[in-house]
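**Student:** my questions are about this predicted structure, shown below with the sequence.
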Amino acid sequence: MGLLSLGTGVAIGYVIGTKTGRKTFDASFDNVRKNAEETWNRPDVQEFVEKTTESTYQLRQDLADGAKRAVAVASDAVKRAEQKVNEATDEFVSPETETTYDGDVVSDPAQSTESSGADWSNEGGSDPRT
């Protein structure tokens, strides 16, 4: 019988506690909501919200304009750099000395195809006398 009494007491306490707790929570929540609405509707709060909205809009415009200017400056810098690279390339590579690739052989018109007359027979590192 003791276990049945304990279970009944817990159930009654739970029902009473939840009803009371729910009423207290609902009252507290309603009080918080009412205070928030009153604060939101105050003229000084609404004035602050309006000023903040205007400032945010102006800041967004300023940032967008600044980003557009930065992109334009970067684009011009890239174009100038590309032009300088092309000019430097034109300076160092002329049609007379241009190297061409033909299959497995790289040919350079500036190199001579005639032998220099040097004896390269001992270039392998071994002594031909041995």
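**Tutor:** Yep, that arrived. Numbering: from 1, shown residues only.

**Student:** what is the rounded mean pLDDT of the one helix or strand residue 36 maps to?
**Tutor:** Assigned by DSSP states H and E, residue 36 belongs to helix 2-40. In this model, helix 2-40 has a mean pLDDT of 84.

**Student:** check which element follows it along the chain.
**Tutor:** Next in sequence after helix 2-40, counting helices and strands by DSSP H and E, comes helix 43-92.

**Student:** and that following helix, what does it pack onto?
**Tutor:** Contact partners of helix 43-92 among helices and strands, from 3 or more Cβ pairs under 8 Å, 6 or more residues apart in numbering; DSSP states H and E: none. Any C-beta I mention is one placed from the backbone N, CA and C, and that applies to glycine too.

**Student:** tell me which residue lies nearest the centroid of this protein.
**Tutor:** Geometric centre of the chain, nearest residue: residue 67, 15.4 Å, by Cα atoms, centre = their mean.

**Student:** pLDDT value on that one, please?
**Tutor:** We note a pLDDT of 96 for residue 67 in this prediction.

**Student:** where's it relative to residue 53, distance?
**Tutor:** From residue 67 across to residue 53, the span is 21 Å (Cβ to Cβ, to the nearest Å).
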